[in-house]
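Asks: okay, structure incoming, though there's no sequence with it:
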């Protein structure tokens, strides 16, 4: 078996299954491991009271538990059921730089990401996650429809 690692920028839900299924098939074929990266977008607020910060921290912890239980754990189980070694990584912040950083830190040879269906003005002006990864990642980015 190879020591190759494929990073999967994984949102979960509807379009997430396409990228996960494709990544599992490729990993199984090539003997690679999967590292599922789910990023919870979270911006820091600097002007919150201590009470507001405490409440926000509690909400954040709850969000991490839900994402682990409903997104990462089922995806890892799906990969393992298919015979592929998989791990999961949850983080907060901006998706593109964090996925690229995860790929670099684990020595990934490839990133898989689902095609973004967003037609919002923000996506058109600032670019989508797949486009952003293709531009900054240090390894090839495979965009899965």
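Replies: Arrived safely, thanks for sending. Since the model is a prediction, treat every value here as computed from it, not as a measurement.
Asks: heading C-terminal from the helix or strand of the chain with the lowest mean pLDDT, find the next helix or strand.
Replies: Lowest on mean pLDDT, DSSP states H and E among the helices and strands of the chain sits helix 121-126, with a mean of 48. Remark: after helix 121-126, the chain's next helix or strand is helix 129-136, criterion DSSP states H and E.
Asks: what about stretch 134-145, start to end distance?
Replies: 15 Å (Cα to Cα, to the nearest Å).
Asks: what comes up buried for it?
Replies: 134, 137, 139, 141, 142, 143, 144 (16 or more other Cβ atoms under 10 Å). In short, each C-beta sits where N, CA and C put it, glycine included.
Asks: let me know the closest of these to residue 39.
Replies: Nearest to residue 39 out of those is residue 137 (Cβ to Cβ; 14.1 Å).
Asks: contacting residues for that closest one?
Replies: Counting by Cβ atoms under 8 Å, 6 or more residues apart in numbering, residue 137 makes contact with 99, 100, 103, 111.
Asks: where does the residue nearest to the second one when sequence neighbours are not counted fall, phi/psi-wise?
Replies: In other words, residue 100. Nearest residue to residue 100 in three dimensions, chain neighbours excluded: residue 137, at 4.7 Å (Cβ to Cβ, 6 or more residues apart in numbering). Backbone torsions for residue 137, taken as degrees, to the nearest 10, come to phi -70, psi 150.
Asks: separation between residue 89 and residue 105?
Replies: 10 Å (Cβ to Cβ, to the nearest Å).
Asks: so which of these two has more stuff around it?
Replies: Neighbour totals were compared for residue 89 and residue 105, and residue 89 leads with 17 against 11 (other Cβ atoms under 10 Å).
Asks: am I right that that one is in a strand?
Replies: Yes: under DSSP: H, G, I helix; E, B strand; the rest coil, residue 89 sits within a strand.
Asks: how near is residue 48 to residue 62?
Replies: 17 Å.
Asks: again but with residue 5, I slipped
Replies: From residue 5 to residue 62 the distance is 30 Å (Cβ to Cβ).
Asks: give me the more crowded residue out of the two.
Replies: With neighbours defined as other Cβ under 10 Å, residue 5 and residue 62 compare such that residue 5 has more, 20 against 10.
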